[in-house]
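Enquirer: Whatever this is, show me its structure:
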Amino acid sequence: MDEKGGFRELVGTELSEAEDGRAIVRMRAEDRHLNPGGTVHGGAISTLVDVSMAEALNTTVAGEDERPVTVEMKVNYMAPAKPGIIASTARVRKGGKRVTVVEAEVVQEEDEEVVALATGTYTVVG
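Expert: Sure, this is the predicted structure:
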């Protein structure tokens, strides 16, 4: 599980890579992540996206006591995600003095199908 524990550990996200405004976070989607239709719940995908975008922004934050906070996030679900590994790759798109825009793409690793595209607006607090 993720070394940060808490909610991330409960959900099962794992940071795979993080550098230069980019991060990849993976999650093994299991029965606990599924909706009644047998596909990955949108809330689980949103959590994965939020974690990956925050981790991407973390690579650009200067101070150790600074942390990204979500202002707004939009997720477009492109295809149902199935049990297995899903990965969110996030990139800092544009930073400003008060807010930063981050983009993410979520893929089903088994067949590389894009299951979601997202954008988020973040601010850094310290």
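Enquirer: drop to CA atoms for contacts and neighbour counts, all remaining ones
Expert: Noted.
Enquirer: Return the residues in contact with the residue positioned nearest the centre of the chain.
Expert: Central residue of the chain (CA atoms, centre = their mean): V49, 2.3 Å from the mean position. In this structure, V49 makes contact with S88, A90, A104, E105, V106, A118, judged by CA atoms under 8 Å, 6 or more residues apart in numbering.
Enquirer: helix, strand or coil for it?
Expert: Secondary structure for V49, judged by DSSP: H, G, I helix; E, B strand; the rest coil, is helix.
Enquirer: From A116, how far off is it?
Expert: The gap separating V49 from A116 is 9 Å, by CA to CA, to the nearest Å.
Enquirer: shared neighbours of those two, anything?
Expert: Counting by CA under 8 Å, 6+ apart, the shared contacts of V49 and A116 are E105, V106.
Enquirer: thinking again about what came up before, what pLDDT does the residue nearest to the centre of the chain get?
Expert: Model confidence at V49, expressed as pLDDT, equals 98.
Enquirer: cool, and D2?
Expert: Note for D2: predicted pLDDT of 43.
Enquirer: so after the helix or strand containing A56, what's the next helix or strand?
Expert: Using DSSP states H and E, A56 sits in helix 42-58. Heading C-terminal from helix 42-58, the first helix or strand you meet, by DSSP H and E, is strand 67-77.
Enquirer: Which secondary structure elements does that next one sit against?
Expert: Packed against strand 67-77 by the contact rule (3 or more CA pairs under 8 Å, 6 or more residues apart in numbering; DSSP states H and E) you find helix 42-58, strand 113-125.
Enquirer: okay, the last one in PDB with CA atoms only?
Expert: What follows is the C-alpha trace of strand 113-125 in PDB, where atoms were taken according to Å, rounded to 0.1, in the frame of the first residue of the first chain:
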ATOM      1  CA  GLU A 113      -8.100   0.800 -22.900                       C
ATOM      2  CA  VAL A 114      -8.700   4.400 -21.700                       C
ATOM      3  CA  VAL A 115     -11.400   4.200 -19.100                       C
ATOM      4  CA  ALA A 116     -11.400   7.900 -17.900                       C
ATOM      5  CA  LEU A 117     -10.000  11.300 -18.700                       C
ATOM      6  CA  ALA A 118      -9.800  14.000 -16.100                       C
ATOM      7  CA  THR A 119      -8.800  17.600 -15.300                       C
ATOM      8  CA  GLY A 120      -8.300  19.100 -11.900                       C
ATOM      9  CA  THR A 121      -7.600  22.500 -10.400                       C
ATOM     10  CA  TYR A 122      -5.400  22.500  -7.300                       C
ATOM     11  CA  THR A 123      -3.900  25.000  -4.900                       C
ATOM     12  CA  VAL A 124      -0.900  24.600  -2.600                       C
ATOM     13  CA  VAL A 125      -1.300  25.200   1.100                       C
END
